[in-house]
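**Q** Build the 3D model from these lines:
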Amino acid sequence: MPHDDSPILPPGSSRVASLPQAPLAFVSAAFDILDDGLFAIDRHGYVLWLNPAAERLLGLGLDDLRRLFRSGDRLLRADGSPLPDEERPSSLALRTRQTVRDVVIGFVAEDRQLRWMRVSAKPMFAGAGDLEGVLVSLHDITERQEMAARLRASLAEADDLYQHAPCGYHSVGPDGRYLRVNDTELAWIGRSREEVIGRMRPSEFLTHESRTAFEAAFARLLDTGELLRVEVDLLDGGGRPRRMSGRESVVRDAHGRFLMSPTVMHDVTELAEARRRLE
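**A** Okay, here's the model as predicted:
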C-alpha cells in the first residue's frame, strides 16, 4: 500500500529528530503510559505506529494491525453487523477532514473474544494545511457493553412477565386515563393499546353498578393514600361481565401531588361463580 513519511509518527523517530529531545521524551512517555490505545494512520490509510495500550487492548502488533486494516473482517458495528471500510472513524476523518468522536466498534480478537471499543479519529495537518493522516484513540468499553446487554435482557424478561402475566396490570394518571396497560388486560377488554392509552379510563369497561362503587372507592384512595382492594364486574370484549379482584395504590411526587395509580387485577370469575353456587 503506498505511503509516505508523516509528522504524526511518535516522538523519538528520526523524522522529528530536529526537535528538542527533552520535550520529546516527555511526550513519548505520555503516549506509553496512557490507558487508552493510540495509533496513527497516514493519509493513504497505512498504519504508522501504535502505543503499548493499543497493542494490549487489541492484542495486535504493528504488522497485525496493518493486516487488520487491509481486511477489516473482524470489525463490527454497534449492532453486531460487519463494519464497512467507509464507516471506520479513520476513513471518515480522512474523507471529511473532521474529527469523528465516540463511535462504538466491536473487535473480534485472535482468541475469538469480542471486545468493544469507543473510537475517535482526529485528522492531522501539516503547517500548510495539507492533510497528513489521522490519530485514532481506543477506549475499552467491553465491560460496559456487556453490562448494558445484561440489563437489556433483564428488562426484556421483566417486560415479558409484565405483558403476559396471568393478571391485568395498568396505571392511570391524574385524569384517570390509562398511562400503561399490559397485554393480558387488553385481551380482557378487547382493545388495542393505541385505543386506550391516554384516551380511555378503566372505569369505562365496568358495569354501571361497579363503576359507581369503584369511583367512590377511588376517591377514598386519593384522600387516604391507603391500599385499595375492590371487586368489580368488568365487561370483556364481547360485553360479558367478568368478576375482577383489584388492588390499587397511589404514587405521589415529593410535594405530595398525585402522579399515578398502579393497579393489579385478577380474574376471579370462576371463584365468584363457585361462591354463588355454594351460597
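
**Q** how far does the helix or strand hosting R229 sit from the chain's center?
**A** If you go by DSSP states H and E, R229 is part of strand 228-235. In this view, strand 228-235 has its centroid 38 Å away from the chain centroid, taken as CA atoms, centre = their mean, to the nearest Å.

**Q** Would you mind getting the angle between the following helix or strand past that strand and strand 228-235?
**A** Counting by DSSP H and E, the next helix or strand C-terminal to strand 228-235 is strand 241-248. In terms of direction (axes from the mean of the first three to the mean of the last three CA atoms, to 10 degrees), strand 241-248 departs from strand 228-235 by 150 degrees.

**Q** where are the low-confidence patches of the stretch 1-150 of the chain?
**A** Along the stretch 1-150 of the chain, segments meeting pLDDT under 70 span 1-28, 30, 72.

**Q** thinking again about what came up before, pLDDT averaged over the strand holding R229, what's the number?
**A** The pLDDT scores in strand 228-235 average 91.

**Q** and it, what other elements does it pack with?
**A** Using 3 or more CB pairs under 8 Å, 6 or more residues apart in numbering; DSSP states H and E as the contact test, the elements touching strand 228-235 are helix 183-189, helix 208-224, strand 241-248. Yep, even glycine has a C-beta here, placed from its N, CA and C like the rest.

**Q** Wasn't R180 part of a strand?
**A** Yes. Counting by DSSP: H, G, I helix; E, B strand; the rest coil, R180 is found in a strand.

**Q** what sits opposite it in the beta ladder?
**A** On the basis of DSSP bridges, R180 is bridged to S171.

**Q** wait, isn't it in contact with I197?
**A** Yes. Shown here, R180 and I197 form a contact pair, counting by CB atoms under 8 Å, at 7.3 Å.

**Q** returning to that earlier point: could the helices and strands packed on strand 228-235 go into a markdown table alongside mean pLDDT, mean neighbour count and distance to A126?
**A** Below are the helices and strands packed on strand 228-235 laid out as a markdown table (pLDDT from 0 to 100; neighbours: other CB atoms under 10 Å; distance: least, CB to CB, whole Å):
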| stretch | mean pLDDT | mean neighbour count | distance to A126 |
| --- | --- | --- | --- |
| helix 183-189 | 96 | 18 | 62 |
| helix 208-224 | 87 | 14 | 71 |
| strand 241-248 | 93 | 19 | 71 |
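
**Q** Distance to V104 added to these, as TSV?
**A** Shown next, in TSV, are the helices and strands packed on strand 228-235 (distance: least, CB to CB, whole Å):
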stretch	distance to V104
helix 183-189	33
helix 208-224	46
strand 241-248	43
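
**Q** I'd like to know which of the ones you listed is closest to A254.
**A** With CB to CB as the measure, helix 208-224 is the member of those nearest A254 (17.6 Å).

**Q** tell me which strands and helices the closest one is in contact with?
**A** Packing partners of helix 208-224 (3+ CB pairs under 8 Å, 6+ apart): strand 228-235, strand 258-267.

**Q** Relative to L65, which of those strands is closest?
**A** Among these, strand 258-267 comes nearest to L65, with 53.7 Å by CB to CB.

**Q** Can you list the buried residues in that closest one?
**A** M260, S261, T263, V264, M265, D267 (16 or more other CB atoms under 10 Å).

**Q** The stretch 51-200 of the chain: strands as residue ranges?
**A** For the stretch 51-200 of the chain, strands defined by DSSP state E, counting those that start in this stretch occupy the ranges 75-76, 100-108, 114-125, 131-140, 168-172, 178-181.

**Q** Save those as JSON lines, and put in mean neighbour count too.
**A** Below are the strands of the stretch 51-200 of the chain laid out as JSON lines (neighbours: other CB atoms under 10 Å):
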{"stretch": "strand 75-76", "mean neighbour count": "18"}
{"stretch": "strand 100-108", "mean neighbour count": "17"}
{"stretch": "strand 114-125", "mean neighbour count": "19"}
{"stretch": "strand 131-140", "mean neighbour count": "21"}
{"stretch": "strand 168-172", "mean neighbour count": "21"}
{"stretch": "strand 178-181", "mean neighbour count": "19"}
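
**Q** can you redo those as JSON lines with distance to L83?
**A** Conversion of these to JSON lines gives the following (distance: least, CB to CB, whole Å):
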{"stretch": "strand 75-76", "distance to L83": "4"}
{"stretch": "strand 100-108", "distance to L83": "6"}
{"stretch": "strand 114-125", "distance to L83": "10"}
{"stretch": "strand 131-140", "distance to L83": "14"}
{"stretch": "strand 168-172", "distance to L83": "41"}
{"stretch": "strand 178-181", "distance to L83": "37"}
